[in-house]
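1. need a structure here:
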Amino acid sequence: MLSRSVLLLNQNYEPLSVCDAKKAIILIFLQKAEVVEHADEWIRSVYTKMRLPSVIRLKRYARSPQRRILLNRRNLLIRDNYRCQYCGRTAPPLTMDHIIPKQVGGKDTWENLVIACLPCNNRKGNKTPEQAGMHLMSTPKKPNHYFYFQHFFGCKDDLWKPYLFLK
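-> Below is the predicted model:
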């Protein structure tokens, strides 16, 4: 029960991290954090009982380093929902495709890379989508740090949804 995941928010309600219930209870008893949302379960000791926290908020603002999401194949697959951005196919093999080809000066950036199925990637070749007569299903963009929480920690509790902008 003490290993249950708890969402840790900064003073301004921005998601900071996920910790276990034991660490959350320690922060609450040290008066460094307050409970925002309770879980349905209770924890008991010899002298007291309390509801397990699901979401806690720090009482003081903690500066957090700017989270940088690495540009790699795995993160691109997550961003593009494991779907070819030209035809919508989800069947493997899926590849990374440069919208503006590297030979024409295209860079390895979030805005220039998409996931494509092998037939679409071969059809596009070393051309831009316009030259190949193909259209992107969505405009690629760099994900923000909320994307990180939504996809890497996931929403382990429905009480987290408003704080991870999932509602």
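2. For the rest of this, base every contact and every neighbour count on C-alpha atoms.
-> Fine.
3. next helix or strand past the lengthiest strand in the chain?
-> Counting by DSSP state E, the longest strand found in the chain is strand 33-44. Next helix or strand after strand 33-44 toward the C-terminus (DSSP states H and E): strand 49-58.
4. Average pLDDT for that next one, rounded please.
-> Mean pLDDT, strand 49-58: 94.
5. Helices of this protein, start to end?
-> 21-29, 73-79, 118-124, 129-132, 145-148 (DSSP state H).
6. next one: stretch 42-60 to chain centre, how far?
-> 27 Å (CA atoms, centre = their mean, to the nearest Å).
7. Next, the distance between the ends of it.
-> End-to-end distance of stretch 42-60: 26 Å, with CA to CA, to the nearest Å as the criterion.
8. Which residues are in contact with the residue positioned nearest the centre of the chain?
-> In the chain, the residue lying closest to the centroid (CA atoms, centre = their mean) is residue 148, at 2.4 Å. By CA atoms under 8 Å, 6 or more residues apart in numbering, the contact set of residue 148 is residue 69.
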